[in-house]
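Colleague: sequence unknown, structure follows:
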């Protein structure tokens with residue numbers, strides 16, 4: 001994998017992991033009993049985006065490391081995943 005593909009894979013994975021990590025340790029205005037006028041009570045109170053970005057980067061590095069280890073170290077690929085849909089292309093019943 002060249003470095004451009006690696007950066008693209010890291011970028012896409014980072015954004016996916018970000019949306020999975022954002023709800024962790026999130027406190028809403030309703031939980032703090034301090035709802036700002038004009039906002040919804042479920043709006044976050046101090047979202048701590050830097051902390052979320054650091055967590056996201058760490059989780060993404062682990063996920064990409066596992067992916068890289070499986071594909072480069074063990075040589076696994078999409079062909080190693082069992083076929084879920086049966087192959088009906090043979091007309092003789094095989």
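Modeller: Ah, there it is. In this text, all values refer to a predicted model and were calculated from it rather than measured experimentally. Residues are numbered from 1 along each chain as shown.

Colleague: quick one: contacts for the spatially most central residue of the chain?
Modeller: Residue closest to the average C-alpha location in the chain (Cα atoms, centre = their mean): residue 17, at 2.9 Å. Residues in contact with residue 17 (Cβ atoms under 8 Å, 6 or more residues apart in numbering) are 56, 59, 60, 63. (Glycine included, C-beta is placed from N, CA and C.)

Colleague: now distance to residue 26, pLDDT and secondary structure too, for those residues, in TSV please.
Modeller: Shown next, in TSV, are those (distance: Cβ to Cβ, whole Å; pLDDT from 0 to 100; DSSP: H, G, I helix; E, B strand; the rest coil):
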residue	distance to residue 26	pLDDT	secondary structure
56	14	97	helix
59	16	98	helix
60	19	98	helix
63	21	96	helix
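
Colleague: could these go into CSV alongside distance to residue 79 and neighbour count?
Modeller: Below are those laid out as CSV (distance: Cβ to Cβ, whole Å; neighbours: other Cβ atoms under 10 Å):
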residue, distance to residue 79, neighbour count
56, 31, 21
59, 27, 16
60, 25, 21
63, 21, 16
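
Colleague: what segments of this structure are helices?
Modeller: 3-21, 29-32, 49-68 (DSSP state H).

Colleague: any weak-confidence spans in this structure?
Modeller: Scanning the chain for pLDDT under 70 picks out the ranges 83-87, 91-94.

Colleague: list the residues that contact the residue nearest to residue 72 when sequence neighbours are not counted.
Modeller: Counting by Cβ to Cβ, 6 or more residues apart in numbering, residue 1 is the residue found nearest to residue 72 once chain neighbours are left out, at 7.7 Å. For residue 1, the contact set (Cβ under 8 Å, 6+ apart) comprises 9, 68, 71, 72.
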